[in-house]
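# I need the structure of the sequence given here:
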Amino acid sequence: MAVTTAGGRLSLVRGGAAQEFTVTLRNGNTREYGKLRLGFQMEMLVDESSAGQQVAQDGFVLQRWDAASGSWRDEKLRIANDYMPPHMYTGGSSLARDAVRTVRYRLRALEQGPAGSTPLMVTLVDTERDAQVSYHSLPHTTRR
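Numbers count the residues shown, from 1 in each chain. Below is the predicted model:
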C-alpha cells in the first residue's frame, strides 16, 4: 500500500479547502484477497484554546471519490487515541492477484475544532482473516 499527497503531507486550514491524497493497493501476493478494507484514524488534537476543555473532535470531513457517480462520498474517519483491532473492521472489496487499485480521498478541516499536528493513519485490513495487511502514516497539520 502507498499513500501519497502533494508535498508529502496534509496541511489544512480550519474552514479552508480540502486536500487530496491517494491510496494505491498493489497485490503482488500469491493469492487473491476476498475482502480488504481501509481504515482511517487520527488521534485527538488539543491546542491552547481547547486545553482543559472537552472539545468536539469531529471537525474533519474525509471523503472518497466515487468514479462511477462522479461525486465525493463521505468516508468514516475515526478520531481516537487507542488502537482499533482488525477484528472490529467489517466489509471490504476484493483485490485479485497482481491487481493495482488507486483511490482518491480528500480531507477537510471544518471551521470549528482544534489545531495541531497528528498523523493520518491508514490501515489496510483483511476482514476475512481479521488481520492487518499494511499500515501507513501520513503527516498532517491543521492550523487556524
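# contacts, neighbours, all on C-alpha from now
OK.
# Could you pull out the buried residues of stretch 14-34?
Across stretch 14-34, burial judged by 16 or more other Cα atoms under 10 Å covers Arg14, Gly15, Ala18, Gln19, Glu20, Phe21, Thr22, Val23, Leu25, Arg26, Asn27, Tyr33.
# from the residues you listed, which ones fall inside strands?
Gln19, Glu20, Phe21, Thr22, Val23, Leu25, Arg26, Tyr33 (DSSP state E).
# Switch those residues over to JSON lines; also include distance to Gly59 and pLDDT.
JSON lines is the format used below for these (distance: Cα to Cα, whole Å; pLDDT from 0 to 100):
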{"residue": "Gln19", "distance to Gly59": "15", "pLDDT": "98"}
{"residue": "Glu20", "distance to Gly59": "17", "pLDDT": "98"}
{"residue": "Phe21", "distance to Gly59": "18", "pLDDT": "98"}
{"residue": "Thr22", "distance to Gly59": "21", "pLDDT": "98"}
{"residue": "Val23", "distance to Gly59": "22", "pLDDT": "98"}
{"residue": "Leu25", "distance to Gly59": "28", "pLDDT": "97"}
{"residue": "Arg26", "distance to Gly59": "32", "pLDDT": "95"}
{"residue": "Tyr33", "distance to Gly59": "34", "pLDDT": "95"}
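# Report the central residue of the protein.
Closest to where the C-alpha atoms of the chain average out (Cα atoms, centre = their mean) is Phe40, at 3.2 Å.
# my guess is it contacts Thr123, does it?
Yes: assessed by Cα atoms under 8 Å, Phe40 is found in contact with Thr123 at 6.5 Å.
# now this structure, which segments are flagged as low pLDDT?
Low-confidence segments of the chain (pLDDT under 70): 48-58.
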